[in-house]
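K.L.:
Need coordinates for the below:
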Amino acid sequence: MNSAAAQSISWDPYNTDLIPNPYPMYKRLREEMPLYYNEEHDFYAISRYADIEATLRDRDLFSSAHGDILEFIKAKSVMPDSVFIHQDPPKHTAYRSLMQRIITPKRMFAVEQDIRALCARSLDHLVGGDRFDFITNLGAEMPMRAVSMLLGIPEKDQTAIRESVDARMRTEAGKPIDLANQQAIQQEALAGFEEYISWREKNPSDDMMTELLQTDFKDPEGVVRKLTRDEISNIVNVVAGAGNETTNRLIGWMGKTLSEHPDQRRDIVKNPALIPAAIEELLRYEPPGPFLAREVMRDIELHGKKIPKGAAMIMLVAAGNRDESRFVDGDKFNIHREQRPHMTFGQGIHVCIGAPLARLEGRVAMEEVLKRFPEWEVDYDKAVMSSTSSVRGWDSLPVWIGSKPKNYVAPKPAAPAPAPAAPAADVTLEGTWNVVVKGPTGPQPAVLTLERNGDSFTGAQAGAGTSTPIADFKKTGNKIYWVNHITKPMKIKVEFTGELSGNVITGKAKAGFMGSYPFTATKA
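P.N.:
Next up is the predicted model:
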């Protein structure tokens, strides 16, 4: 390959332009630069199936001791031993052996009817309507409740668990993971899991958390003992995160891909026996986790280039899954293709321990969706891709059920009837407002104090033991907006956008990369 061609190839995991369709670039990498080096972020990347498979299986040469995400490896992050997915043997071996005795295919298939009931709960009330959202109505609900059910997390706390997982996965578009923010969110999540563990210890049941409390295992030092509370918190955190994220993304890709391949979708409707093969093809074609990373443990040479010890190596799983030398017409979605193993769940000792659950949930979700909605078309105008550099998928994927009217234009909503409460002009904004944000770990109270300064307002917002000035307060009609720059426990910009009705403001608080959450502010 000539140097001009090499210079024209640029793959950056933070390039938002590549997120909608990274596959043409992956094809170029496979064909023109199977070993790619990114000078700006200092990492290597491989894209051919054979290279990725060999790398994932060589646990001595390619280490997981600093995690499987580029930012963690570059920062030389050190995880607790019990976060076994980010460990090498013997630490990985000890904890994974324990989990293989607990997360068994038998246990997961035993909950198939419960998962089917969760799908029905999410979908039944949508039958007869015009639209539904693959993520909001199903992907964000069923996987979260299924893994929580397996763990033994009470239903009242399940949504908070999903929101915490979502917050950990968020990154600001075009930027690497903020490790300090990640750590703060992680610690908050672990504190919540400690409550569940204490509760389950007093209320044992037939679930994974009870088994984690009661089972003996041989630790990395060879000592037979029970898990500590911190170890259980870490393991539950890993399982809850992985159990939510993969299937959520898979369900989104199910909606998009089967919408774009209606003939194959109709084949499945006619012959539901094709569903397992369709799930495998979806996993190959649109893997929720498009790449993994490892640290290189000694100097090596690959494709005629030297790679130094300590380098970060990214394995482009999504590229390898479409390698034409492995999959005929790899860029084509084909549920009828010859089934060959893909790498969506990894290879070697780190192959995903929850893969049977993800496959089960995907199969049941496809069965239950197609029973109710055999035809749909994605509304791309309102679909939203997620902002994260470690997984790829949808935050929202609304679809038309049946056939969408030609040249459809959404009707403007009718003006709301006047509220019986006092008009906003009569409300005195200055003073104290009690604000409650429904955040990822439950209600987050704060106190907003406003002072009038001519035609504008200034003030401060206090919560979690700190008080910070607000900025950019605006009132346009009944619309209210202000910004709170939180400094502790982490720095984050929170934008409040709401509507004033009487002495109450309701709306959304957008907390940077963590997402948006409902809030209510009531005049004191």
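K.L.:
Helix or strand next in line after the lowest-mean-pLDDT helix or strand in the chain, which one?
P.N.:
Lowest mean confidence among the helices and strands of the chain (mean pLDDT, DSSP states H and E): helix 3-8, at a mean of 55. Scanning forward in sequence from helix 3-8 by DSSP states H and E, the next helix or strand is helix 23-32.
K.L.:
In that following helix, which residues are buried?
P.N.:
For helix 23-32, a neighbour-count test (16 or more other CB atoms under 10 Å) marks Tyr23, Met25, Tyr26, Lys27, Arg28, Leu29, Arg30 as buried. From N, CA and C alone the C-beta is placed, and that goes for glycine too.
K.L.:
what sits against the last one?
P.N.:
Read it as Arg30. By CB atoms under 8 Å, 6 or more residues apart in numbering, the contact set of Arg30 is Ser47, Arg48, Ala319, Asp323.
K.L.:
What about the closest residue to Phe109 other than its chain neighbours, how many residues nearby?
P.N.:
Residue nearest to Phe109 in three dimensions, not counting chain neighbours: Leu360, with 6.4 Å by CB to CB, 6 or more residues apart in numbering. Using other CB atoms under 10 Å, Leu360 is surrounded by 19 other residues.
K.L.:
helices or strands up against the helix or strand harbouring Leu360?
P.N.:
Assigned by DSSP H and E, Leu360 belongs to helix 355-372. If you count contacts as 3 or more CB pairs under 8 Å, 6 or more residues apart in numbering; DSSP states H and E, helix 355-372 packs onto helix 105-109, helix 112-123, helix 142-151, helix 229-260, helix 262-270, helix 275-285.
K.L.:
avg pLDDT for it?
P.N.:
Helix 355-372 carries an average pLDDT of 95.
K.L.:
in that helix, what's buried?
P.N.:
Per 16+ other CB under 10 Å, helix 355-372 contains these buried residues: 355-366, 368-370.
K.L.:
Distance from the chain centre to that helix, please.
P.N.:
18 Å (CA atoms, centre = their mean, to the nearest Å).
K.L.:
Show me which positions of the following helix or strand past it end up buried.
P.N.:
Later in the chain than helix 355-372, the nearest helix or strand by DSSP H and E is strand 376-378. For strand 376-378, burial by neighbour count (16+ other CB under 10 Å) applies to Trp376, Val378.
K.L.:
and the next element down the chain from strand 376-378?
P.N.:
Downstream of strand 376-378, the next assigned helix or strand under DSSP H and E is strand 384-385.
K.L.:
Adjacent strands (with direction) for that following strand?
P.N.:
Note on strand 384-385: by DSSP bridges, its sheet partners are strand 394-396 (antiparallel).
K.L.:
neighbouring contacts of the partner strand?
P.N.:
For strand 394-396, contacts defined as CB under 8 Å, 6+ apart pick out 133-136, 139, 249, 252-253, 255-256, 382-387.
K.L.:
list the contacts for the residue nearest to Phe109?
P.N.:
Shown in contact with Leu360 (CB under 8 Å, 6+ apart): Met108, Phe109, Glu112, Ile115.
K.L.:
Buried among those? Make that a ChimeraX selection.
P.N.:
Selection of buried members from these for ChimeraX, criterion 16+ other CB under 10 Å:
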select :108,115
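K.L.:
coming back round to it: quick one: which of the buried residues of helix 23-32 is nearest Arg96?
P.N.:
Using CB to CB, Tyr26 is the member of the buried residues of helix 23-32 that sits closest to Arg96, with 30.1 Å.
K.L.:
wouldn't the closest one be in contact with Met315 here?
P.N.:
No. Assessed by CB atoms under 8 Å, Tyr26 is found out of contact with Met315, at 12.0 Å.
K.L.:
Could you tell me which residues touch both of these two?
P.N.:
By CB under 8 Å, 6+ apart, Tyr26 and Met315 have no common neighbours.
K.L.:
pLDDT weak spots in this structure?
P.N.:
For the chain, applying pLDDT under 70 flags the ranges 1-7, 156-192, 387, 389, 402-427, 439-443, 464-465, 487-491, 512-516.
K.L.:
could the contacts of Arg30 go into CSV alongside distance to Lys76, secondary structure and neighbour count?
P.N.:
Formatted as CSV, the contacts of Arg30 follow (distance: CB to CB, whole Å; DSSP: H, G, I helix; E, B strand; the rest coil; neighbours: other CB atoms under 10 Å):
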residue, distance to Lys76, secondary structure, neighbour count
Ser47, 26, coil, 29
Arg48, 28, coil, 20
Ala319, 27, helix, 28
Asp323, 31, coil, 22
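K.L.:
In CSV: those, plus distance to Lys523.
P.N.:
As requested, the contacts of Arg30 are arranged in CSV below (distance: CB to CB, whole Å):
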residue, distance to Lys523
Ser47, 58
Arg48, 63
Ala319, 56
Asp323, 62
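K.L.:
Out of those residues, which comes closest to Thr449?
P.N.:
Thr449 has its nearest neighbour among the contacts of Arg30 in Ala319, at 53.5 Å by CB to CB.
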